[in-house]
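Colleague: how would this look folded up:
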Amino acid sequence: MDPVLSAAVKTHVNAAKITRQSKSNLALAFISLGRERRRDITIFYAFCRVIDDIADSSELNVAQKRVQLEAWRKTLRAAGADEPPLALEVRGLIDKYSLSPSMLEEIIAGVEMDLGISRYATFEELRVYCYRVASAVGLVSIEIFGYRNPRCKAYALELGLALQMTNIIRDVGKDLRDDRIYLPQEDLARFNYSEIELHDRQYNERFIDLMKLEAARAWAFFSRATAALPFEDRRAMVPGEIMGSIYRGLLRRMELDKFRVFDKEYQLSKLEKATRIAAQMFKSFLNLPRQTSV
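Modeller: Okay, the predicted model is just below:
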């Protein structure tokens, strides 16, 4: 676990510090929220970061990771001895927003999949993982953002899948270092691109075509999210729209560069992110029609 995270969890909540240290695009999206909702979503995000860092820790073995994740499951429903202060804050969110603990348990189940699964045979199997680690996060988040139309849940689900697929494309090279391959085995076979070639980081037309397929899936999820967002909830969902804009820009950049993910770490500059954040907030202020442009 990151030293800053570890210290924060053991001593005090300090969710805002956890969020800042993560340098996440999600943290940037919080700027559009009022003080109370921003505080609450920061607590929820700190929970997500903590359980994710447990799964990724190089200091714990698999058994220890499972024990810690199980402890977090239990603290979602009842106070436990020697629990981290953050747990009390998370239970406060559950009560305040009438969240089902099972919604947060889905997120824990998602990161736990990384402890025993390093390959996915089909996209449908991968979709379960994406739902748990991304869509479930979105479904909790919209409860904190506030919405009026139940259709907003479909928006959160589709946007989560879009964001996670973009992450998977971006992190192909990085994940290989941990012997994790999220690209479905059926997709590799479809383009006759072997796992050996992937580990050797062979960049060729077959790999590019494989990445184009995954990108097309991500774009399809983005489009469905756009169609699902209810008109009356557009202002409340500005944080999600900020995330969507940043990730669409990231996906488009990788496409234009033909997915050189083996030797590049793609990201948008601070200025590009700030521009997209400002654009989404301005659209919300004017209540402009949504667009699917990159």
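Colleague: Would you map the helices across the stretch 101-250 of the chain?
Modeller: Remark: helices assigned in the stretch 101-250 of the chain by DSSP state H, counting those that start in this stretch are 101-116, 123-130, 136-145, 152-170, 172-176, 185-190, 195-199, 205-228, 238-256.
Colleague: Let's test this: mean pLDDT of the fifth one, rounded?
Modeller: Regarding helix 172-176, the rounded mean pLDDT is 95.
Colleague: ok, residues contacting that helix?
Modeller: I168, I181, Y182, L183, L198, H199, R201, M211, V261, F262, D263, E265 (Cβ atoms under 8 Å, 6 or more residues apart in numbering). For the C-beta atoms, the positions are set from N, CA and C on the backbone; glycine is no exception.
Colleague: Swap in 7 Å and give it another go.
Modeller: I181, Y182, L183, L198, H199, R201, V261, F262 (Cβ atoms under 7 Å, 6 or more residues apart in numbering).
Colleague: returning to what we had before: for the helices of the stretch 101-250 of the chain, give me a markdown table that also has distance to A78.
Modeller: Shown next, in a markdown table, are these (distance: least, Cβ to Cβ, whole Å):
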| stretch | distance to A78 |
| --- | --- |
| helix 101-116 | 10 |
| helix 123-130 | 28 |
| helix 136-145 | 19 |
| helix 152-170 | 27 |
| helix 172-176 | 35 |
| helix 185-190 | 40 |
| helix 195-199 | 44 |
| helix 205-228 | 35 |
| helix 238-256 | 30 |
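Colleague: Rebuild these as JSON lines, extending it with mean neighbour count.
Modeller: Below are the helices of the stretch 101-250 of the chain laid out as JSON lines (neighbours: other Cβ atoms under 10 Å):
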{"stretch": "helix 101-116", "mean neighbour count": "18"}
{"stretch": "helix 123-130", "mean neighbour count": "18"}
{"stretch": "helix 136-145", "mean neighbour count": "23"}
{"stretch": "helix 152-170", "mean neighbour count": "24"}
{"stretch": "helix 172-176", "mean neighbour count": "17"}
{"stretch": "helix 185-190", "mean neighbour count": "16"}
{"stretch": "helix 195-199", "mean neighbour count": "13"}
{"stretch": "helix 205-228", "mean neighbour count": "18"}
{"stretch": "helix 238-256", "mean neighbour count": "22"}
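Colleague: what's the closest of these to R39?
Modeller: Proximity to R39 (Cβ to Cβ) singles out helix 136-145 among these, at 9.9 Å.
Colleague: Packing partners of the closest one?
Modeller: If you count contacts as 3 or more Cβ pairs under 7 Å, 6 or more residues apart in numbering; DSSP states H and E, helix 136-145 packs onto helix 35-56, helix 101-116, helix 152-170.
Colleague: circling back to that earlier point, for PyMOL, write the selection for the buried entries among the contacts of helix 172-176.
Modeller: This is the PyMOL syntax for the buried subset of those, where burial follows 16 or more other Cβ atoms under 10 Å:
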select buried, resi 181+182+183+198+261
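Colleague: Same list (the contacts of helix 172-176) but as CSV, adding pLDDT and distance to L88.
Modeller: Formatted as CSV, those follow (pLDDT from 0 to 100; distance: Cβ to Cβ, whole Å):
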residue, pLDDT, distance to L88
I181, 97, 38
Y182, 98, 34
L183, 98, 40
L198, 97, 44
H199, 96, 44
R201, 97, 45
V261, 97, 40
F262, 96, 44
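Colleague: Need the contacts of helix 172-176 in a markdown table (columns: distance to G110).
Modeller: A markdown table is the format used below for those (distance: Cβ to Cβ, whole Å):
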| residue | distance to G110 |
| --- | --- |
| I181 | 17 |
| Y182 | 12 |
| L183 | 18 |
| L198 | 23 |
| H199 | 25 |
| R201 | 27 |
| V261 | 22 |
| F262 | 26 |
